[in-house]
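**Q** Could you look at this predicted model? Sequence included:
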Amino acid sequence: MKILSILFLIPGTIATFIGILPFIFAYPYCDRCPNSGQSNLWELILMTSYEGKGWYLVNGIVLLMLSILTFFKQRKA
């Protein structure tokens, strides 16, 4: 159960972090720029999080809740 809790915790934390980025940072895109794609890894992560349309955040929260549930189930037993 401890391994299962960790397996839910790590991707849940990453997905929640990626899912919350669009609420903090602006979209890295310029309509009038000739090269308007991502110029570094951070902008690629921001563009990916915007294209997720909130699904990263929802999936991350679900995984974190499953991690907490399995952790408390383990402590009861």
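**A** In hand now; what should we look at? Numbering: from 1, shown residues only.
**Q** who's in contact with Lys2?
**A** Gln74 (C-beta atoms under 8 Å, 6 or more residues apart in numbering). C-beta: built from backbone N, CA, C; applies to glycine.
**Q** ok, the residue nearest the centre of the chain - contacts?
**A** Closest residue to the average C-alpha location of the chain: Ala15 at 2.1 Å, with C-alpha atoms, centre = their mean. Going by C-beta under 8 Å, 6+ apart, Ala15 touches Tyr56, Leu57, Asn59, Gly60, Leu63.
**Q** Out of those residues, which end up buried?
**A** Among the contacts of Ala15, those classed as buried by 16 or more other C-beta atoms under 10 Å are Tyr56, Leu57, Asn59, Gly60, Leu63.
**Q** and the last one, what helix or strand is that in?
**A** This points to Leu63. Using DSSP states H and E, Leu63 sits in helix 55-76.
**Q** Run the chain-centre distance for that helix.
**A** For helix 55-76, the separation from the chain centroid amounts to 14 Å (computed by C-alpha atoms, centre = their mean, to the nearest Å).
**Q** Give me the residues contacting that helix.
**A** When contacts are defined by C-beta under 8 Å, 6+ apart, helix 55-76 is touched by residues 1-2, 4-6, 8-9, 11-20, 49.
**Q** will you turn the contacts of Ala15 into TSV that also has pLDDT and distance to Lys76?
**A** Shown next, in TSV, are the contacts of Ala15 (pLDDT from 0 to 100; distance: C-beta to C-beta, whole Å):
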residue	pLDDT	distance to Lys76
Tyr56	93	31
Leu57	93	29
Asn59	94	26
Gly60	94	25
Leu63	93	21
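**Q** before we move on, back to that, take the buried ones among the contacts of Ala15 and write them to CSV, including distance to Leu44.
**A** What follows is those, written out as CSV (distance: C-beta to C-beta, whole Å):
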residue, distance to Leu44
Tyr56, 14
Leu57, 18
Asn59, 19
Gly60, 19
Leu63, 22
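**Q** before we move on, the earlier item: quickly note the distance from the closest residue in space to the residue nearest to the centre of the chain that isn't next to it in sequence to Ile10.
**A** Nearest residue to Ala15, sequence neighbours excluded (C-beta to C-beta, 6 or more residues apart in numbering): Gly60, at 3.2 Å. Computed as C-beta to C-beta, to the nearest Å, the Gly60 to Ile10 distance reads 11 Å.
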